[in-house]
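Asks: Prediction below, plus the sequence it came from.
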Amino acid sequence: MLSRLQQIILEACVDRGGCCSRRAIAHQLFQASLADERYQQTIVTRSVERLIARGLIVGRGTKTKEKLFIETICVTPAGRRAILGIQKKRQTPLPLKDR
């Protein structure tokens, strides 16, 4: 089960052609948020790392001895299938009757 934030991150990547910047997603998510700015980056980073651990996205960036800096994220085929299933569940069916 994916959190709402993880779903938004996956949808944003799919909408932008499969790859997008982590900073652009963070900026888009927290435009009207009341959360403190230093916590916003932490929240997005944790969600992205959890999506990477599940194999739904791939993170690209730089790795130092102590830390990993994710700059760009790309959706894997499993991530595309996951977000497609979520979008299908979210869509309401039309009230049509069979004759």
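Replies: Okay, I see it.
Asks: Now do the same contact list for Lys63.
Replies: For Lys63, the contacting residues are Phe69, by Cβ atoms under 8 Å, 6 or more residues apart in numbering. Every residue, glycine included, has its C-beta placed from N, CA and C.
Asks: Going along the chain, name the helices of this structure.
Replies: 4-15, 22-29, 37-54, 77-90 (DSSP state H).
Asks: Could I get the average pLDDT for the third one?
Replies: What it means is helix 37-54. For helix 37-54, mean pLDDT rounds to 87.
Asks: ok, and what's touching that helix?
Replies: Here helix 37-54 makes contact (Cβ under 8 Å, 6+ apart) with 3, 5-6, 9-10, 22, 25-26, 29-30, 33, 35, 57-59, 70, 73, 79.
Asks: can you rerun that using 7 Å?
Replies: Contacts to helix 37-54, defined as Cβ atoms under 7 Å, 6 or more residues apart in numbering, come from residues 3, 5-6, 9, 22, 25-26, 29-30, 33, 57-59, 70, 73.
Asks: ok, now the shortest one?
Replies: When contacts are defined by Cβ under 7 Å, 6+ apart, helix 22-29 is touched by residues Ile8, Ile9, Ala12, Gln40, Gln41, Val44, Val48, Ile70, Glu71, Thr72, Ile73.
Asks: Now do that helix against helix 4-15: the angle between them, please.
Replies: For helix 22-29 and helix 4-15, the angle between their directions (axes from the mean of the first three to the mean of the last three Cα atoms, to 10 degrees) works out to 120 degrees.
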